[in-house]
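Undergrad: Provided below for reference: sequence and predicted model.
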Amino acid sequence: MSNVLWQPSADIETLRERAAIIRCIREFFYTRDVMEVETPSLSAASVTDVHLATFSTKFVGPGHAGGLPLYLQTSPEFAMKRLLAAGSGAIFQLCKAFRNEEAGSHHNPEFTMLEWYRPGFDEFALMDEMDELMQLVLGVEPAERLTYQQAFINALAVDPLTADISTLQQLATEQGFADIAAHETHRDTLLQLLFCMKVEPTIGQEKPCFIYHFPASQAALAQICQHDERVAGRFELYFKNMELANGFNELTDAKEQAARFKEDNQYREANGLKQVPMDERLIAALENGLPQCAGVALGIDRLIMLATNKQKIKDVLAFDVERA
Amino acid sequence: MANYSTNEFKGGLKIMLDGEPCSILENEMVKPGKGQAFNRVRIRKLITGKVLEKTFKSGETVEGADVMDTDLAYLYTDGEFWHFMNNETFEQIAADEKALGDNAKWLVENDVCTITLWNGSPIAVTPPNFVELEITETDPGLKGDTAGTGGKPATLSTGAVVRVPLFVQIGEVIKVDTRSGEYVSRVK
């Protein structure tokens, strides 16, 4: 008898429930007139995000005898923004995203993302819509909403927006992370460590929780808030210790976006990481004009884990990376 | 000793932490969607047996520990050291009280035990999962009681004290689970 693991990692009953949820999600968007799109999994551009590692390959074919480097997408965001700039209107996509180096009970290098964009919505309107979707799929109560600053203060009694690095180092040490705190000079790394390990467990247990207005230094692709420059229009959704979604009031300024990509590359260089050419096609689309919109990316596998009460992502995947 | 990066962490890996040899029990990667990844690791300190949790920044490296397990047969004790021998090479090793911990009471002559060596010195002795020992002292207990309630205490030839069913008597050899210290069965 062979030892080769041919069987699926999820059981068939769970796969059936998964299919029902996917169908439910599609219907949610059909009834709201949000168009389904499919954008490439392979792109000539990679991402500058310092914490993402991409899978890469080469296309060898007509016009590219030497091999065109292509990267598997970590999210369909850039392509979908190009569609928005071309006048697509509200769009959604259910697709695979690929992140190298990530595997664990909540991570698989290949996973399913639901990403959608709403021209004319701000982050609050999008949170409202997301809230409706969660109630539909998970049968939960309406989500709680807390600013990043408030959640941090509630859990750790320190203001993440004003605390200086030595205060954060001391806090991290007190919380049991002395070894990391001793050498860490990057403010955001300490904030992420503390948020992930100490704040997250205190939120979104009985019902989902939106954390909004992240520090500007963690804005990613969100606009900086007009009412307070220290924070950005970025929000996340948490439920039962799982980070489910990441959403933005999207940055539409091409110059600012290019500047953020450049900053990423500077960080990469300073930390011995390879620099990544920025996605010129995205910048060109932004220069052409991206309508004001809010967008969000939701981890479908984790959503299904919550709906089917599974603790490990492999239990909702037909074949996790170890059996692929 | 080689260094290990967090990418190489897995159950059973032996690393040095605060100058002590440790074994990784569990390694969980924790990563916010747009942020630094961390490894939340459960570790057993091999000298004290204590289990603790530690968080590493992903990509950090730690020193490996020169720890290996070897199976040796128990020979005897001179009160200060417990002597074990490799049945193939006839090499002998002496383990002290600290390495024995609580386990001296499960040692049966010729039984093969797992000795954990750090830099060549024994730091822990793990007896086999089951041992067979004779009862040297116990109360007669009620006659005819085959199922029993809490049982009665019995002292074994090594000095270990185990709860046994009421029908088991002095002179009988019983099988004991060394991990739980519980009676398993009588041995014919």
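TA: Received the coordinates, thanks. Numbers count the residues shown, from 1 in each chain, chains lettered A, B, ... in the order given.
Undergrad: from here on, contacts and neighbour counts on C-alpha atoms
TA: Will do.
Undergrad: so where do the helices sit in the chain?
TA: Since no chain was named, I'll use chain A. A:12-31, A:77-85, A:123-138, A:148-156, A:165-174, A:178-183, A:187-194, A:254-270, A:280-289, A:300-308 (DSSP state H).
Undergrad: switch to chain B, please.
TA: Using DSSP H, helices in chain B cover B:97-100.
Undergrad: where does the stretch 151-300 of chain A dip in pLDDT?
TA: Judged against pLDDT under 70, the stretch 151-300 of chain A has no low-scoring part.
Undergrad: what's next to stretch B:68-87, contact-wise?
TA: Contact partners of stretch B:68-87, identified using Cα atoms under 8 Å, 6 or more residues apart in numbering or on different chains, comprise B:91-97, B:107-118.
Undergrad: could you flag which of the residues you listed are buried?
TA: Buried subset of the contacts of stretch B:68-87 (neighbour count, 16 or more other Cα atoms under 10 Å in any protein chain shown): B:93-97, B:107-108, B:111-118.
Undergrad: what parts of the stretch 1-150 of chain A come near chain B?
TA: A:49, A:51-52, A:102-105 (Cα under 8 Å from any Cα of the partner chain).
Undergrad: which pair in the buried ones among the contacts of stretch B:68-87 spans the largest distance?
TA: B:Val108 and B:Trp118 (24.0 Å; Cα to Cα).
Undergrad: before we move on, the earlier item: where does confidence bottom out across the residues of the stretch 1-150 of chain A next to chain B?
TA: Lowest pLDDT of those: A:Glu102, 78.
Undergrad: partners of the residue nearest to the spatial centre of chain B in the sheet?
TA: Residue closest to the mean C-alpha point of chain B, counted by Cα atoms, centre = their mean, is B:Thr126 at 3.6 Å. Under DSSP bridges, the beta-bridge partners of B:Thr126 are B:Thr114.
Undergrad: remind me which residues of chain B are low pLDDT?
TA: If you take pLDDT under 70 as the line, chain B has these spans: B:142-149.
Undergrad: break it into its domains for me.
TA: B:3-63, B:67-126, B:130-187 (automatic domain parsing).
Undergrad: quick check: residues of chain B near chain A?
TA: So chain B meets chain A at B:28-38, B:54-57 (Cα under 8 Å from any Cα).
Undergrad: pull the most distant pair out of those.
TA: B:Lys34 and B:Lys54 (22.2 Å).
Undergrad: what's the closest of the residues of the stretch 1-150 of chain A next to chain B to A:Gly89?
TA: A:Asp49 (26.8 Å).
Undergrad: what is the burial count for that closest one?
TA: 18 (other Cα atoms under 10 Å in any protein chain shown).
Undergrad: pretty sure it contacts A:Gln266?
TA: No: using Cα atoms under 8 Å as the test, A:Asp49 is too far from A:Gln266 to be in contact (11.1 Å).
Undergrad: so who does A:Leu286 touch?
TA: A:Leu286 neighbours (Cα under 8 Å, 6+ apart): A:82, A:85, A:252-254.
Undergrad: ok, it to A:Gln175 distance?
TA: Look at A:Leu286 and A:Gln175: by Cα to Cα, to the nearest Å, they are 42 Å apart.
Undergrad: with only the CA atoms kept, save stretch A:260-278 in PDB.
TA: Output in PDB follows, covering the C-alpha atoms of stretch A:260-278 (Å, rounded to 0.1, in the frame of the first residue of the first chain):
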ATOM      1  CA  ARG A 260       4.900  54.700  -1.200                       C
ATOM      2  CA  PHE A 261       6.300  52.000  -3.600                       C
ATOM      3  CA  LYS A 262       9.600  53.900  -3.600                       C
ATOM      4  CA  GLU A 263       9.600  53.900   0.200                       C
ATOM      5  CA  ASP A 264       9.000  50.200   0.300                       C
ATOM      6  CA  ASN A 265      12.000  49.700  -2.000                       C
ATOM      7  CA  GLN A 266      14.200  51.900   0.300                       C
ATOM      8  CA  TYR A 267      13.200  49.700   3.200                       C
ATOM      9  CA  ARG A 268      14.000  46.600   1.200                       C
ATOM     10  CA  GLU A 269      17.400  47.900   0.300                       C
ATOM     11  CA  ALA A 270      18.100  48.900   3.900                       C
ATOM     12  CA  ASN A 271      17.200  45.400   5.100                       C
ATOM     13  CA  GLY A 272      18.900  43.200   2.600                       C
ATOM     14  CA  LEU A 273      15.800  42.400   0.600                       C
ATOM     15  CA  LYS A 274      15.700  42.500  -3.200                       C
ATOM     16  CA  GLN A 275      14.200  45.600  -4.700                       C
ATOM     17  CA  VAL A 276      11.100  45.200  -6.800                       C
ATOM     18  CA  PRO A 277      10.300  47.300  -9.900                       C
ATOM     19  CA  MET A 278       7.000  49.100  -9.200                       C
END
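Undergrad: what residues sit buried inside that stretch?
TA: Buried-residue list, stretch A:260-278, by 16+ other Cα under 10 Å: A:260-262, A:264-265, A:267-268, A:275-276, A:278.
Undergrad: please see if it touches chain B.
TA: No: counting by Cα under 8 Å from any Cα, chain B is not contacted by stretch A:260-278; separation bottoms out at 11.9 Å.
Undergrad: contact partners of that stretch?
TA: A:45-50, A:220, A:258.
Undergrad: related to what we said a few turns ago, which stretch among the domains of chain B comes nearest A:Leu138?
TA: domain B:3-63 (21.4 Å).
Undergrad: could you dump the buried residues of stretch A:260-278 into a markdown table with distance to A:Cys24 added?
TA: Below are the buried residues of stretch A:260-278 laid out as a markdown table (distance: Cα to Cα, whole Å):
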| residue | distance to A:Cys24 |
| --- | --- |
| A:Arg260 | 37 |
| A:Phe261 | 36 |
| A:Lys262 | 40 |
| A:Asp264 | 38 |
| A:Asn265 | 40 |
| A:Tyr267 | 41 |
| A:Arg268 | 41 |
| A:Gln275 | 41 |
| A:Val276 | 38 |
| A:Met278 | 36 |
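Undergrad: point me to the residue sitting farthest from the middle of chain B.
TA: B:Lys34 (42.0 Å).
Undergrad: can you pull the contacts of that one?
TA: A:49, A:51-52, A:220.
Undergrad: and those, which are buried?
TA: A:49, A:52, A:220.
Undergrad: excluding its backbone neighbours, what's nearest B:Arg179?
TA: B:Asn129 (6.3 Å; Cα to Cα, 6 or more residues apart in numbering or on different chains).
Undergrad: one more: A:Leu94?
TA: Per Cα to Cα, 6+ apart, closest to A:Leu94 is A:Leu114, 4.6 Å.
Undergrad: if we can go back for a sec, could you check how far the residue nearest to B:Arg179 is from B:Cys22?
TA: Distance, B:Asn129 to B:Cys22, by Cα to Cα: 22 Å.
Undergrad: look at the two and report which has more neighbours.
TA: Counted by other Cα under 10 Å, B:Asn129 and B:Cys22 do not tie: B:Cys22 has more neighbours, with 25 against 13.
Undergrad: and the gap between the residue of the stretch 151-300 of chain A found nearest chain B and A:Asp315?
TA: Residue of the stretch 151-300 of chain A nearest chain B, by Cα to the nearest Cα: A:Thr189 (6.4 Å). A:Thr189 sits 31 Å away from A:Asp315 when distances are taken as Cα to Cα.
Undergrad: repeat that for B:Met16.
TA: 34 Å.
Undergrad: spatially central residue for chain A, please.
TA: Most central in chain A (Cα atoms, centre = their mean) works out to A:Asn246, at 4.5 Å.
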